[in-house]
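Engineer: from the sequence below, what's the structure:
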Amino acid sequence: MLNFIKDFQSTVIGTTDEKGLAFSSYAPFIYENHKFYIFISDVAKHASNLKRTQKASLFFIEDEAKAEQIFARKRISLQISSSLISKEEKEFSEVMENFKTKFSEGMMNMLLGMSDFNLYALSTDSGEATFGFGEAYAIGGKNMEELVARQGGSGHK
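Structural biologist: Reported below is the predicted structural model:
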């Protein structure tokens, strides 16, 4: 899994609103300590959805221009649990330093100056990966980072 997501800078995030309606957006992320971290504004609908349910999905998909077959784009979908990281926690400052390194220190300093931005830690509960026809895996292992052969099912018909 980690090999596939290593070049991504952002992820599609799926949440549900107070009416149970699906909402998709995206967020830049970093991955460390077996967690995804996103730094998003309270103004964003996915932030209010995360605060209400703490459940979401993350989706990583191969660029269409690089796909060998549009019907078989490589992809990973993860079901996650989120937690808000307080700005007073040591974890907050450590993670934000890594955001500055991965992205831009100037951009991150600007966003840090806005009081409506918050840091979320996203832990993988389950997931699946598809790397082509007949190449589907579950996400598992000790840190939910390994591709595991799927059990059951009969495949394409």
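Engineer: and K66, backbone torsions?
Structural biologist: Taking degrees, to the nearest 10, you get phi -100, psi -10 for the backbone angles of K66.
Engineer: give the other helices and strands that the lengthiest strand in the chain contacts.
Structural biologist: Criterion DSSP state E: the longest strand present in the chain is strand 117-130. Strand 117-130 makes packing contacts with strand 35-41, strand 75-85, helix 90-102, strand 136-140 when contacts are defined by 3 or more C-beta pairs under 8 Å, 6 or more residues apart in numbering; DSSP states H and E. From N, CA and C alone the C-beta is placed, and that goes for glycine too.
Engineer: how about the first one, which residues are buried there?
Structural biologist: Just to be clear, that refers to strand 35-41. Judged by neighbour count using 16 or more other C-beta atoms under 10 Å, the buried positions of strand 35-41 are K35, F36, Y37, I38, F39, I40.
Engineer: and the closest residue to the second one other than its chain neighbours, what are its bridge partners?
Structural biologist: Nearest-residue entry for F36: L122, 4.1 Å, with adjacent residues in sequence omitted and distances by C-beta to C-beta, 6 or more residues apart in numbering. Going by DSSP bridges, L122 is paired in beta bridges with F36, S82.
Engineer: correct me if wrong: L122 contacts Y37.
Structural biologist: Yes: with contacts defined as C-beta atoms under 8 Å, L122 counts as touching Y37 at a distance of 7.1 Å.
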